[in-house]
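1. attaching a predicted model along with its sequence, questions to come.
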Amino acid sequence: MSQLNAVRVEELLAAAQQAAEKAYAPFSGFRVGAAILTRSGKVFTGCNVENSSYGLTNCAERTAIFSAVAAGELSVEHELEAVAVVNHEGAICSPCGACRQVIFEFGPEATVIFRSHSGQMTEVAARELLPEGFRLR
Ligand code: THU
């Protein structure tokens, strides 16, 4: 797992918290924000975007990662250094399986920061969140 300093972690959590305020979550009311750090040192944020057709919902983590890809800042494995995710009210918010797979694509060693089921803020490597993550290459 990468060595992230505490200041960086706090910056990412603050950016994620701000992003959560932008969430479009009229159906669940569960507002989520994510902030990712690329190896080039750039931060991208995202929020969850729900839809009347529920299954089309996009989680905050994927919104942030897809924004970085669209900006040309994530294109290769290992370019993702960290992902912080928060619920706007500080609720437990463990990344879903789909997001774990998307995180794994760009950063198997990325540090993922979130409030775990224990209730504590946790930092864990993506590879530990998704053992044997799927890869085509
Ligand atoms: N959600 C996220 O955005 N990220 C997560 O890590 C877990 C769940 C969103 C999806 C949906 O809009 C809402 O939270 C409730 O499931």
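-> Yep, that arrived. Numbers count the residues shown, from 1 in each chain.
2. which residues touch the residue positioned nearest the centre of the chain?
-> By C-alpha atoms, centre = their mean, the mean C-alpha position of the chain lies nearest to residue 61, the distance being 3.3 Å. Residues near residue 61 by C-beta atoms under 8 Å, 6 or more residues apart in numbering: 34, 36, 46, 83, 85, 95, 99, 102-103. In short, each C-beta sits where N, CA and C put it, glycine included.
3. ok, so of those residues, who is nearest residue 114?
-> residue 85 (4.7 Å; C-beta to C-beta).
4. pretty sure the closest one belongs to a helix, no?
-> No: following the definition DSSP: H, G, I helix; E, B strand; the rest coil, residue 85 is strand and is not counted among the residues of a helix.
5. that one: neighbour count?
-> Counted by other C-beta atoms under 10 Å, the residues lying close to residue 85 total 29.
6. that one contacts residue 111, correct?
-> No: counting by C-beta atoms under 8 Å, residue 85 sits too far from residue 111 to count as a contact (11.7 Å).
7. please, where are all the helices along the chain?
-> Chain-ordered helices for the chain, with DSSP state H as the definition, fall at 6-20, 60-70, 97-106, 126-129.
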